[in-house]
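*Asks:* Got a predicted model here, sequence first, then my questions.
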Amino acid sequence: SSFYQHSVAQLTAVLTDDGVEETDEEISVTSASAFASTNATVLSVDGTELEGNAAGVVNVTGLWASVTSRAYEVSVTDTPAVITGVTLSDSGLQRDTLYGAPGTQSAARVRLTFDDTTIF
């Protein structure tokens, strides 16, 4: 089974009242927008989350206030992403040992570094 990266879509509206670029105002309208993919088999959309499902190329658009954005091309590939580093951190640890009553919990974070320098 293959796993693909996912991403979060964002949509920004450019508001202008006079056509002069210097007075344009950009605002995020992501929370009031809907997003769509031209092929959900390749890339599905759930709210603002875009999830790769198979190799291919799709177009993603956003819709806000009855206005559709221009299409944004997204490529999903089968190229493996190789993990080159793993870092575990736990802000609750003062030393190498976790102290506390049985059942004590501490949140840990894992940081993955991939061969293309992406950090997740």
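*Replies:* Structure received.

*Asks:* how close does A40 get to I119?
*Replies:* From A40 across to I119, the span is 28 Å (Cβ to Cβ, to the nearest Å). C-beta: built from backbone N, CA, C; applies to glycine.

*Asks:* just V8 next, same as before
*Replies:* The value you get for V8 to I119, if Cβ to Cβ is used, is 16 Å.

*Asks:* now do S28
*Replies:* The gap separating S28 from I119 is 24 Å, by Cβ to Cβ.

*Asks:* Please enumerate the strands of this protein.
*Replies:* With DSSP state E as the criterion, the chain has strands at 6-8, 12-15, 25-28, 34-37, 43-46, 49-52, 56-64, 67-68, 72-76, 83-89, 109-114.

*Asks:* ok, and the closest non-adjacent residue to G47?
*Replies:* Sequence neighbours aside, F35 is the residue nearest to G47 in space, at 7.9 Å (criterion: Cβ to Cβ, 6 or more residues apart in numbering).

*Asks:* and W64, what is it in contact with?
*Replies:* 11, 13, 29, 32-34 (Cβ atoms under 8 Å, 6 or more residues apart in numbering).

*Asks:* returning to that earlier point: nearest to P102, of the strands of the chain?
*Replies:* strand 83-89 (22.0 Å; Cβ to Cβ).

*Asks:* ok, T77 touching A55?
*Replies:* Yes. Here T77 lies in contact with A55, judged by Cβ atoms under 8 Å, at a distance of 5.7 Å.

*Asks:* how deep is the closest residue to A71 other than its chain neighbours tucked in, by neighbour count?
*Replies:* With sequence-adjacent residues excluded and distances taken as Cβ to Cβ, 6+ apart, A71 is closest to N59, at 3.8 Å. With neighbours defined by other Cβ atoms under 10 Å, the count for N59 comes to 14.
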